[in-house]
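Asks: Provide a 3D model corresponding to the input given below.
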Amino acid sequence: MNIIAIFTKTFTLLRFNRKSRHFKYQSLEEILSNTEYSFFLTLKESLSNDYEIFAKVRINDVLTPDEIFTIQNSNAAIYRIPPKHFDYILCEKHTLTVIAVIELDDKNHIRREARARSSFVEKVCMTAGFKLLRFPSRSSYRSQAVRDVILNSLNPST
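Replies: Just a heads-up that it's a prediction; the model follows:
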């Protein structure tokens, strides 16, 4: 990293820290939309005996760039992730090992930004070896149908 980049980064951080003391925050009250919450309840009802389910998990909470990256590439990979999250992750009950990523595709999914995000999530899951399951956004879900799709995807031979 050259000296100008270091200076710029330091100056930006100092300005941000000074300004951030005056920020005010307010609660969003709900972390999930009605549709996301409905699907979350369906996941819990259909899978909570077998798996732990977490909603809106930041991608960089469960993934990190591979060590073969150079420092510069690693930083670029890390900075690309932070604002992104997985809709849901399905984890092994006792170890909390990630078993699958579940994405809920809503009507905004056709927008360019949403398609770019989906493409990024697909690549991230593929390189990490995570199974990626997609469900269309609906007003309601049948627990058994969701369970069947997930279990069949995780265990295709059964």
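Asks: which parts of this structure are helices?
Replies: With DSSP state H as the criterion, the chain has helices at 3-20, 34-47, 59-62, 71-80, 112-128, 143-154.
Asks: any idea which of the ones you listed has the lowest pLDDT on average?
Replies: Comparing mean pLDDT over these, the weakest stretch is helix 71-80, at a mean of 54.
Asks: any idea of the pLDDT on the residue nearest to Leu96 when sequence neighbours are not counted?
Replies: Of all residues not flanking Leu96 in the chain, Glu52 sits nearest, at 6.1 Å (C-beta to C-beta, 6 or more residues apart in numbering). Quick note: C-beta positions are derived from backbone N, CA and C, even for glycine. In this model, Glu52 is scored at 96, pLDDT.
Asks: do I have it right that Glu52 meets Cys91?
Replies: Yes - look at Glu52 against Cys91 with C-beta atoms under 8 Å: they come within range, at 4.4 Å.
Asks: tell me the spacing between Ala100 and Ala116.
Replies: As for Ala100, its distance to Ala116 is 22 Å (criterion: C-beta to C-beta, to the nearest Å).
Asks: settle it for me: which of these two has more neighbours?
Replies: Neighbour totals were compared for Ala100 and Ala116, and Ala100 leads with 18 against 10 (other C-beta atoms under 10 Å).
Asks: the more buried one bridge partners, please.
Replies: Judged by DSSP bridges, the bridge partners of Ala100 are Leu90, Lys131.
Asks: I figured it hits Lys131, correct?
Replies: Yes - look at Ala100 against Lys131 with C-beta under 8 Å: they come within range, at 4.1 Å.
Asks: joint contacts of those two?
Replies: Contact with both Ala100 and Lys131 is made by residues Ser153, Leu154, according to C-beta atoms under 8 Å, 6 or more residues apart in numbering.
Asks: mind listing what the residue nearest to Leu96 touches?
Replies: With contact taken as C-beta under 8 Å, 6+ apart, Glu52 is in contact with Leu90, Cys91, Glu92, Lys93, Leu96.
Asks: all set, thanks.
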